[in-house]
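K.L.:
need coordinates for the following:
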Amino acid sequence: MSKDYNNPAFKKLLEKLQEESWQLELLISGFAIFGLFTAYEPIIMYHSESIATGQEYQRAVFTVARISCIILIFSLLIHVLLRGIWIGALGLRYVSGEIDYEELNYSEKFTKYLKKKVGSFDKYIATLENYCSIIFAASFLLIFYVLAMTFVIITIGFIANNILSSDFLPDWMIAVIGIPLMLFVVIGMILTFIDYVTQGFLKKKKWISKIYFPFYWVFSFITLAFLYRPIVYNFLDNKFGRRFSMLLLPLFIIIAISFSLEYNFSNYFSTENQSNDYISNRENYEDLLDEKSGFVDNVVIQSKVIKENYIKVFVPYSERIENRVFAFNEGLRPEKDIRGLDTDIIVFSNGNNVRNRDSLRREYLSTFNKIYYTKIDTTVVDSEFIVSQTKKGTLGFETFLSIEGLPKGKHVLEFKRMGLNRNNDTVYFGIRKIPFWYFPN
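P.N.:
Numbers count the residues shown, from 1 in each chain. Down below sits the predicted model:
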């Protein structure tokens, strides 16, 4: 059928589909809004988990997914609202037809003003139809813009990490390939943004267009523009589309700001305050965590009120922890870092490697226990962390501290670590203070 797009029968089919497209728009919008609201909470949860555990790749993926969800929910809700008004206007037109200004019997001044400003009811319906169709198309176009920005950032990061900061490439190759490549991408990003904001100004001037064309060609692949370029130019070939296209960037900024707004009910305290000597945040108590997610993204103890003669301390794993372990024990740093995406498919297995890894795991935990330690009030408490998992599968380090003989009442558990400054001197950092009340049975 793609070869017959000039066929009159095919054009007639397209015109018929255009007239009936509103039904598909409403159907897709309804299912999409339901699916997006369902998916939004898990995306937030996984996004928080990736931040807490230092998984940068997952963090980037879920950041893009979160932004895309926000954009689609906002724009599709507006689309459904306008479609509802459009359907209502059609129903009203069936009952009462056009606006009869003479029947209203207003003064001549108001009649002339309303005829000019309000105009025909059919025109109003046609305008609503245009807005509905364009908003529906722009909703998904905005997602492509988000992906375009994401891929440009990924490209810049890839060049910086794998070429400019490479330990394997010689300096002359970095200077000859890396620096010009980075400059090309950065300049191309700026030119592409200018061309977007000015709605194709760089393509209109003959000498500028020759300079801009190589950047345009390369960035059409980096930003996946070849997938949505026909939609963009269809927006720009008419006055109404150009005006609406100019609203996309401010609309994107408004959506981002609106979803980040929070109401501050105090000048001194908020739900985001971290636990310390005089504040207890629910995220540091296992029994107060969200039961649905069960995700642990901070140091936790079992409860705010301790009735047992021990405290369970759980520290979620993060890549930052492993980097610190490597900094203190270079012998644990592998020749090939396997952190990141992996597969469960096993090509071959080496028994000696498994045994060696077991001894390295013990050394890893020994190093961890040297770096990290706990205090209750002002006293260091002996602890031996082991690797463990929560009910929901959060990987981390767990230990049990004896508090038998501790006086009743309020106490503060402090989780701390050792560190190295620039002169390789040992320094100590406080990670989290968690208040608790000890009332044994």
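K.L.:
ok, which stretches of the stretch 1-150 of the chain are helices?
P.N.:
In order along the chain, the stretch 1-150 of the chain carries the following helices (DSSP state H, counting those that start in this stretch): 8-53, 56-96, 101-104, 108-117, 121-159.
K.L.:
what ranges in the protein fall below the confidence cut-off?
P.N.:
Along the chain, segments meeting pLDDT under 70 span 1-7, 10-11, 13-20, 52-54, 166-167, 255-256, 259, 291-294, 339-356.
K.L.:
mind giving me the domain split of it?
P.N.:
The chain is divided into the following domains under automatic domain parsing: 2-258, 282-334+357-438.
K.L.:
do you know which of those domains lies nearest residue 273?
P.N.:
Counting by C-beta to C-beta, residue 273 lies closest to domain 282-334+357-438 out of the domains of the chain; the figure is 10.6 Å. Placement of C-beta: from N, CA and C, glycine included.
K.L.:
which residues touch residue 282?
P.N.:
Shown in contact with residue 282 (C-beta atoms under 8 Å, 6 or more residues apart in numbering): 288-289.
K.L.:
repeat for residue 49
P.N.:
55, 58, 295, 297, 394.
K.L.:
among those, which two are most distant?
P.N.:
58 and 394 (14.0 Å).
K.L.:
that older thread, would a markdown table of the domains of the chain with distance to residue 273 be doable?
P.N.:
Converted to a markdown table, the domains of the chain look like this (distance: least, C-beta to C-beta, whole Å):
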| stretch | distance to residue 273 |
| --- | --- |
| domain 2-258 | 17 |
| domain 282-334+357-438 | 11 |
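K.L.:
which among the ones you listed is found nearest to residue 266?
P.N.:
Ranking the domains of the chain by distance to residue 266, with C-beta to C-beta as the measure, places domain 282-334+357-438 first at 16.8 Å.
K.L.:
where do the helices sit along the stretch 301-441 of the chain?
P.N.:
319-328, 351-371.
K.L.:
highest average neighbour count across those?
P.N.:
Burial of these is given as mean neighbour count (mean count of other C-beta atoms under 10 Å); helix 319-328 ranks first at a mean of 16.
K.L.:
what angle separates it from helix 8-53?
P.N.:
50 degrees (axes from the mean of the first three to the mean of the last three C-alpha atoms, to 10 degrees).
K.L.:
could you dump the helices of the stretch 301-441 of the chain to a markdown table with distance to residue 308?
P.N.:
Below are the helices of the stretch 301-441 of the chain laid out as a markdown table (distance: least, C-beta to C-beta, whole Å):
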| stretch | distance to residue 308 |
| --- | --- |
| helix 319-328 | 27 |
| helix 351-371 | 23 |
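K.L.:
of all these, which one is nearest residue 69?
P.N.:
Each of the helices of the stretch 301-441 of the chain has some distance to residue 69 by C-beta to C-beta; the shortest is helix 319-328, at 25.6 Å.
K.L.:
list the contacts of the closest one.
P.N.:
Applying C-beta under 8 Å, 6+ apart, the set of residues contacting helix 319-328 from outside is 53-56, 315, 332-333, 339, 364, 367-368, 370-371, 397, 417-420.
K.L.:
going through these, which ones are buried?
P.N.:
Listed as buried from these are 53-55, 315, 332, 364, 367-368, 371, 397, 417; burial here means 16 or more other C-beta atoms under 10 Å.
K.L.:
now the helices for the stretch 151-300 of the chain?
P.N.:
171-173, 179-197, 201-204, 206-222, 225-236, 239-258.
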